[in-house]
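>>> Build me a model from this:
(one chain, ligands or ions: 1)
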Amino acid sequence: MFKIAVLISGGGTNLQSIIDNIDKGYLKNCSIEMVISDRIGAYGLERAKKKGIKTFTLDRKIYKSQLSTKILELVEDKVDLIVLAGYLSILNGEILDKFKNKVINIHPSLIPSFCGKDMYGIKVHERALEYGVKVSGCTVHFVDEGTDTGAIIIQKTVPVKSQDTAKMLQDRILLKEHIALSEAIKLISENKIMVRERKVYISED
Ligand code: GRF
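Numbers count the residues shown, from 1 in each chain. So this is what the prediction gives:
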């Protein structure tokens, strides 16, 4: 069984997409062993509880710089992959060594555009519209010591329309996020991903 821990901070629609893709058999031999939130009351926790998935809330205001260490205690030797799904705290320290190329994140832009420190949520889409891009999208990437700087696994694009508000663009991209994240998890769970420095190679067979 390919075991996954999902880290969240909010509504958890990306978490829900993983749950749904396991239930409908797209993600074979995958199980979500736990959902960890860095915020009390994140709705994603309710989504997990409904499916009987173990949940932990590690309030980032309490754990502060110990947050990543505490998460490592929970996941070490328990899971094969850590998925950041709308998770807003920084993951750092020993966990990145112990889970090298085993932590992935979904970001709602085509990295390296509109990413990095403080670039999350609706702000990402406001910047994209301000810049006047004609295409935006989402990126699933491995997590390294930087912010949104790890090797890119999958990107999906959406058109930016002249009348778009940031919310309209966000909603259009979110639908692609839900597809891209499970696609990446499937490839990794089926051992079809090889990482060499910055490049990710996906085997076709
Ligand atoms: C999504 O836009 C995702 O790209 C970002 O957090 C937002 C909320 O995700 N990382 P979710 O609905 O909580 O999964």
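
>>> If we ignore the residues flanking it in sequence, what's nearest the closest residue to the ligand within the chain?
For the chain and the ligand, the shortest gap (CB to the nearest ligand atom) falls at G86, measuring 2.7 Å. Yep, even glycine has a C-beta here, placed from its N, CA and C like the rest. Distances taken as CB to CB, 6 or more residues apart in numbering put G10 closest to G86, at 5.0 Å, once the chain neighbours are dropped.

>>> dump the residue contacts of that neighbour.
Listed by CB atoms under 8 Å, 6 or more residues apart in numbering, the contact partners of G10 are 39, 42-44, 86, 88.

>>> quick one: the helices in this protein?
With DSSP state H as the criterion, the chain has helices at 13-23, 43-50, 60-63, 67-75, 94-98, 122-131, 166-189.

>>> mind putting these in TSV, mean neighbour count and distance to D205 included?
Listed next are the helices of the chain as TSV, based on neighbours: other CB atoms under 10 Å; distance: least, CB to CB, whole Å:
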stretch	mean neighbour count	distance to D205
helix 13-23	20	21
helix 43-50	18	34
helix 60-63	13	42
helix 67-75	18	30
helix 94-98	15	30
helix 122-131	16	35
helix 166-189	19	12
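
>>> Can you verify my assumption that S189 contacts Y26?
No: with contact defined as CB atoms under 8 Å, S189 does not reach Y26; the gap is 10.8 Å.

>>> ok so, going back, got the helices of the chain as JSON lines, with distance to the ligand and mean pLDDT columns?
Formatted as JSON lines, the helices of the chain follow (distance: least, CB to the nearest ligand atom, whole Å; pLDDT from 0 to 100):
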{"stretch": "helix 13-23", "distance to the ligand": "3", "mean pLDDT": "98"}
{"stretch": "helix 43-50", "distance to the ligand": "6", "mean pLDDT": "98"}
{"stretch": "helix 60-63", "distance to the ligand": "15", "mean pLDDT": "98"}
{"stretch": "helix 67-75", "distance to the ligand": "17", "mean pLDDT": "98"}
{"stretch": "helix 94-98", "distance to the ligand": "18", "mean pLDDT": "98"}
{"stretch": "helix 122-131", "distance to the ligand": "8", "mean pLDDT": "98"}
{"stretch": "helix 166-189", "distance to the ligand": "5", "mean pLDDT": "98"}
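
>>> Perfect, that will be all.
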